[in-house]
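Visitor: can't give you the sequence, but here's the structure:
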């Protein structure tokens, strides 16, 4: 939904006081300005995460693993903007250093989901017949188990750890990509220019990779961004439950789990890492909507 | 209406999916490298005595070929034997029976909250009197989708149990202690439904029949409650059926946070102990419930929406356009 559809949405039709130039319209204009602010904030926040991944030392002066016994469970202050945890470790530096762990795990998960998923979808839609039947049943099976539960099954099989959790989330997201890719490729394969390419005498794989694939990718790309956000949440959930990265590591979900023990006396230990997760996923979906609206124009 | 061949075909398809899911879960849990039975017996922290290990090995027939083991587990399944927990040695059926009631109650209350919440948010997003207010409502599902379920749970726990003291965080207070975990589940699950509902209501409100009704002099609220909601909520009802699985899966986190001893708690313990038989049984229960609800939704669909006589693709709503639509 873009802002323009909101203004012209049928919902506003009966309310005549929302005529152009009216007070409500000005409020909408202001809100749209707010939309641009949100866009900028999203870009800025993701840039900040980029810095946290590449040069974490720029954002914090503390070692994420170094315990200082004198300052345990200190509240947010100038010296420790996010406070300190039960061992006196600076929470901000743990969040900053945890960024690369969480983001790279999500990246791995999305790569697996996108790679395996779109390849299966492509093959199923293009070759049809028994390939399609097999792939469709695989999708049915994968979709009949809720994602979080499916990733837990894989974690049980592979064992705990950050990489295994990422692989598990990747496998759990394969079906979503396969289904989307399959329907997109089916649409494109039936277009006349693909038929023309066949008639000119192009080889099957040439048609598939030169013509079909590039034209069916945009919806899948948009899905990738959303799934990236979802992967962050799933991986955080797995490490929150203790199936992901092992304890001394500063992984986001794990930070929330550690903070949970002290939620009564030191709620910031839970809330601030949680807030970072929320802002990250929000920013990613915001950026994705900017890109998908430019693609439509 | 729904023809018999269609019903039979759909039923056969559902049974096939359930059977294939069993094969898949079994394969992932027991065929992959890292045999859970062997690793449980050789667990350095809590080794199993040799005589008990012998009984376990005999029960699971680890000396036989994988295919043979699989066949044995299938025949046992049909005689009602779900196997034994590797961590506690208790029958899996017992563990599940113990937790099932709690979780079903939790899921039912959460489903109720989901419907109320999704309807409230969607009505607000489409019909609230001011555009900024509508936009605010439309943003709520996006916010809920971006928030990890455990954070919602911890927030509720912190505010309502610790700060305000309205709920006990440890004592079981009957129905009252269902509320917070149910809200936790509902907030996470209702977001996609609310988004689809918003789209559906917007679309229905733009249909010509609304103009006709308005011309007839039907009051606006009657148009909305009597016609727009009925017409616009059909895709959301379909999606509602599909969220049953998410409610059951989400109970793992909700029950972990609110210390409830339901199926989610059993799952959490089983995954932690890498207890293959328990995990397998729970996943199969969820998959069966999910597939059956999906089947019923498909079969009931033509009854809810008479315009659709032939088999519709049940999930007309793919995730991508839905989310794209709401993330603005």
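Guide: Great, that's in hand. The structure displayed is predicted, hence computed values, not measured ones.

Visitor: list the contacts for residue A:164?
Guide: For residue A:164, the contact set (Cβ atoms under 8 Å, 6 or more residues apart in numbering or on different chains) comprises A:154-155, A:158. All C-beta atoms are positioned from the backbone trio N, CA, C, and that covers glycine.

Visitor: Quick check: phi and psi at it.
Guide: Dihedral pair for residue A:164: phi -60, psi -40, per degrees, to the nearest 10.

Visitor: Name the spans of the stretch 151-300 of chain B whose pLDDT lies under the cut-off.
Guide: Residue ranges of the stretch 151-300 of chain B with pLDDT under 70: B:169-174.

Visitor: which other helices and strands contact the host helix or strand of residue A:95?
Guide: In this structure, residue A:95 is located in helix A:91-127 according to DSSP states H and E. Counting contacts by 3 or more Cβ pairs under 8 Å, 6 or more residues apart in numbering or on different chains; DSSP states H and E, helix A:91-127 packs against helix A:23-54, helix A:129-143, helix A:162-172, helix A:174-189, helix A:218-240, helix A:252-260, helix A:268-296.

Visitor: List just the one of those helices that sits closest to residue B:25.
Guide: helix A:129-143 (8.8 Å; Cβ to Cβ).

Visitor: Between helix A:174-189 and the helix holding residue A:95, find me the angle.
Guide: Counting by axes from the mean of the first three to the mean of the last three Cα atoms, to 10 degrees, helix A:91-127 lies at 40 degrees to helix A:174-189.

Visitor: buried sites along helix A:91-127?
Guide: Under the neighbour-count criterion of 16 or more other Cβ atoms under 10 Å in any protein chain shown, helix A:91-127 has A:91-103, A:105-110, A:112-114, A:116-118, A:120-126 buried.

Visitor: how is chain B carved up into domains?
Guide: Domain assignment for chain B, taken from automatic domain parsing, gives B:4-78, B:92-316.

Visitor: highest average neighbour count across those domains?
Guide: domain B:92-316 (a mean of 20; mean count of other Cβ atoms under 10 Å in any protein chain shown).

Visitor: Any chance of TSV for the domains of chain B, columns distance to residue A:140?
Guide: Compiled in TSV, the domains of chain B are given as follows (distance: least, Cβ to Cβ, whole Å):
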stretch	distance to residue A:140
domain B:4-78	5
domain B:92-316	9
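
Visitor: What is the subsequent helix or strand relative to the top helix by length along chain B?
Guide: In chain B, assigned by DSSP state H, the helix with the most residues is helix B:92-127. Once the chain leaves helix B:92-127, the next helix or strand it forms, by DSSP H and E, is helix B:131-146.

Visitor: And that next one, what does it pack against?
Guide: By 3+ Cβ pairs under 8 Å, 6+ apart, helix B:131-146 packs against helix A:3-7, helix A:23-54, helix A:268-296, helix B:92-127, helix B:176-205, helix B:319-326.

Visitor: So which elements touch the fourth one?
Guide: Secondary structure elements in contact with helix B:92-127, counted by 3+ Cβ pairs under 8 Å, 6+ apart, are helix B:131-146, helix B:176-205, helix B:234-257, helix B:263-272, helix B:276-304.

Visitor: Tell me which residues touch the residue in the stretch 1-150 of chain B that chain A sits nearest to, please.
Guide: Proximity of the stretch 1-150 of chain B to chain A (Cβ to the nearest Cβ) peaks at residue B:146, 3.9 Å away. Contact analysis of residue B:146 by Cβ under 8 Å, 6+ apart lists A:229, A:233, A:278, A:281-282, A:285.

Visitor: for residue A:137, same thing?
Guide: B:16-17, B:20 are the contacts of residue A:137 under Cβ under 8 Å, 6+ apart.

Visitor: and what of residue B:109?
Guide: So residue B:109 contacts B:178-179, B:182 (Cβ under 8 Å, 6+ apart).

Visitor: Columns distance to residue B:288 on top of the residues you listed, output as JSON lines?
Guide: Listed next are these as JSON lines, based on distance: Cβ to Cβ, whole Å:
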{"residue": "B:178", "distance to residue B:288": "24"}
{"residue": "B:179", "distance to residue B:288": "28"}
{"residue": "B:182", "distance to residue B:288": "23"}
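
Visitor: wait, which of these is closest to chain A?
Guide: residue B:182 (17.4 Å).

Visitor: Name the residue closest to the centre of chain A, please.
Guide: Nearest residue to the geometric centre of chain A (Cα atoms, centre = their mean): residue A:229, 1.4 Å.

Visitor: my read: that one touches residue A:277, true?
Guide: No: contact criterion Cβ atoms under 8 Å: residue A:229 and residue A:277 do not qualify, at 9.9 Å.

Visitor: Mind putting the contacts of residue B:109 into JSON lines with distance to chain A?
Guide: Shown next, in JSON lines, are the contacts of residue B:109 (distance: Cβ to the nearest Cβ, whole Å):
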{"residue": "B:178", "distance to chain A": "21"}
{"residue": "B:179", "distance to chain A": "19"}
{"residue": "B:182", "distance to chain A": "17"}
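
Visitor: how about the domains of chain B, which one is nearest residue A:54?
Guide: That would be, of the domains of chain B and by Cβ to Cβ, domain B:92-316, which comes in at 23.9 Å.
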